[in-house]
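**Q** heads up, no residue letters with this:
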């Protein structure tokens, strides 16, 4: 645990140093750009000594000059003040545009008139054709066909349209496009929708499993809607002040909780408490980050007391079990899961459901000293007195009533520490 915490602190410190250095160079480079290069030159290109393609058109409200607007970066999980998140000397917007172009080229083409059923994976289809050609305003290329394409992802029902001119600019690293004809005109592609349609993984630091999350205001690796669903604060990244962001903290807590669950073999009666059942498969799959080989199977988690289990039949990340690969990522602080071999094992853990099944809400590391109120006394299995604890905060209901606590709220001051643990520590 201390090792993980130190690694996270080093990661944060390095990011802070890079941002400070970037800001210092931005001031100097900005002055030089205004004096010697003119206001139209991208400061990011000067800073990174990056030689741009002339198709790489700037976008307004782009704090780090990486050709992605700040709003676009926040939506897709990028960092608005880091122009090169993977340190490969290429602006993030340019790299993402070229990745989109490559993925679109690889998509299968579907013709609705062919009688072939619609693919169940992302595809492209022609919506309209003008039977003519148009000219690029930047490079003068004059044989670009007037075709309107639609990129379709039937799994998440996302559709994005672009012309061959838009594709021409994507291939040169720009989501903004200019044409000399009215067919394509001038505009900008929908970056978040295109990233969702193509199911592009978000950027990450080298050898780091903690992947950024889209629409995450406090950058704690929990999306805003996830924090709302589980009762976390959207604008507070470290609620229990342990110097680990909430998403990383919670992921590691969940992995530890699953590891501690009793295992049922399928023989005899299952346990009365929450337990796990292994789905063993003959094979391994590789982690997309560290390239470690992981068992392809996983675990079904059953809570007999609440009558719930993980996963559910409609779960997007495997419908049968929680993959061992997902647990591998959770141990490294991320609810995302990216394997190279199984499509069902690329996605994100259903955090709210998992917490409900585990009856775990707070990012706190349980130890054997934290005894639940229904622990046994002696070999006869007699329960401890005053064993009722409706909210699971390690305070008996009678104790909470006597002390004026809320029976149904395990964390009344919202600091992500159970009331019983906090009171005991105090």
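**A** Received, thanks. The structure presented is a predicted model; accordingly, all values stated were derived computationally and were not measured.

**Q** distance from the biggest strand by length in the chain to the middle of the chain?
**A** Ranked by residue count and defined by DSSP state E, the top strand of the chain is strand 123-134. With CA atoms, centre = their mean, to the nearest Å as the basis, strand 123-134 stands 34 Å off its chain's centre.

**Q** how about that strand: buried residues?
**A** Residues 123-125, 134 are the ones in strand 123-134 that count as buried (16 or more other CB atoms under 10 Å). To be clear about C-beta, it is placed using only N, CA and C from the backbone, and glycine gets the same treatment.

**Q** same check, this time on stretch 244-257
**A** 244-255, 257.

**Q** over to stretch 275-292?
**A** 275-279, 281, 285, 287-289.

**Q** tell me which of those residues fall in strands.
**A** 275-279, 285.

**Q** measure residue 108 to residue 115 for me?
**A** Taking CB to CB, to the nearest Å as the measure, residue 108 falls 15 Å from residue 115.

**Q** those two: who's more crowded?
**A** residue 108 (10 against 6; other CB atoms under 10 Å).

**Q** mind checking how far that one is from residue 224?
**A** From residue 108 to residue 224 the distance is 34 Å (CB to CB).

**Q** repeat for residue 342
**A** The separation that residue 342 has from residue 224, given CB to CB, amounts to 29 Å.

**Q** please apply the same query to residue 266.
**A** 40 Å.

**Q** those two: who's more crowded?
**A** residue 224 (16 against 8).

**Q** spit out the contact partners of that one.
**A** 215-217, 234 (CB atoms under 8 Å, 6 or more residues apart in numbering).

**Q** could the buried residues of stretch 275-292 go into TSV alongside pLDDT?
**A** Output for the buried residues of stretch 275-292, formatted as TSV (pLDDT from 0 to 100):
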residue	pLDDT
275	96
276	96
277	96
278	95
279	94
281	91
285	90
287	86
288	78
289	79
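
**Q** just the closest of those residues to residue 393, please.
**A** residue 275 (22.8 Å; CB to CB).

**Q** partners of that closest one in the sheet?
**A** Under the criterion DSSP bridges, residue 275 forms beta bridges with residue 302.

**Q** can you offset everything so residue one is 45?
**A** Fine by me, first position is 45 from now on; the one you just mentioned is residue 319.

**Q** and the chain, what are its domains?
**A** Domains of the chain are assigned by automatic domain parsing as 46-96+103-130, 141-241, 268-402, 420-469.

**Q** tell me which of the ones you listed lies nearest to residue 255.
**A** Of the domains of the chain, nearest to residue 255 by CB to CB is domain 268-402, at 4.6 Å.

**Q** and the closest one, how far out from the chain middle?
**A** 14 Å.

**Q** again with stretch 162-180
**A** 30 Å.

**Q** residues in contact with that stretch?
**A** In contact with stretch 162-180 (CB under 8 Å, 6+ apart) are residues 99, 148, 151-156, 185-199, 205, 209, 212-213, 222-225, 227-228, 241-243.

**Q** strands of the stretch 45-194 of the chain, residue ranges please.
**A** 167-178, 188-197 (DSSP state E, counting those that start in this stretch).

**Q** so which of those gets nearest residue 397?
**A** Among the strands of the stretch 45-194 of the chain, if distance is taken as CB to CB, the winner is strand 188-197, at 23.3 Å.

**Q** contact partners for the closest residue to residue 437 other than its chain neighbours?
**A** Closest residue to residue 437 apart from its sequence neighbours, by CB to CB, 6 or more residues apart in numbering: residue 454 at 3.6 Å. Going by CB under 8 Å, 6+ apart, residue 454 touches 405-406, 435-437, 462-463.

**Q** how long is stretch 200-220 end to end?
**A** End-to-end distance for stretch 200-220, by CA to CA, to the nearest Å: 25 Å.

**Q** in that stretch, what's buried?
**A** 202, 204-220.

**Q** of those residues, which belong to helices?
**A** Among the buried residues of stretch 200-220, the ones falling in helices (DSSP state H) are 208-215.

**Q** pick the one among the residues you listed closest to residue 364.
**A** Among these, and counting by CB to CB, the member closest to residue 364 is residue 214, at 37.5 Å.

**Q** that closest one against residue 139, yeah?
**A** No. Using CB atoms under 8 Å, residue 214 makes no contact with residue 139, being 11.6 Å away.

**Q** and for the residue lying closest to residue 463 once chain neighbours are set aside, the neighbour number?
**A** Nearest residue to residue 463 in three dimensions, chain neighbours excluded: residue 437, at 4.3 Å (CB to CB, 6+ apart). Residues lying near residue 437 (other CB under 10 Å) number 26.

**Q** thinking residue 437 is in contact with residue 460, fair?
**A** No. At 11.9 Å, residue 437 and residue 460 do not qualify as touching, with contact defined as CB under 8 Å.

**Q** okay, now the unreliable bits of the chain?
**A** Where the chain drops to pLDDT under 70, the residues are 45-93, 246-251, 384-385, 407-412, 418-431.

**Q** all helices in it, in order from the N-terminus.
**A** Using DSSP H, helices in the chain cover 46-76, 87-91, 114-120, 136-150, 208-215, 235-241, 268-274, 290-304, 368-375, 395-402, 441-447, 463-469.

**Q** quick one: contacts for residue 245?
**A** So residue 245 contacts 255, 332, 380, 382 (CB under 8 Å, 6+ apart).
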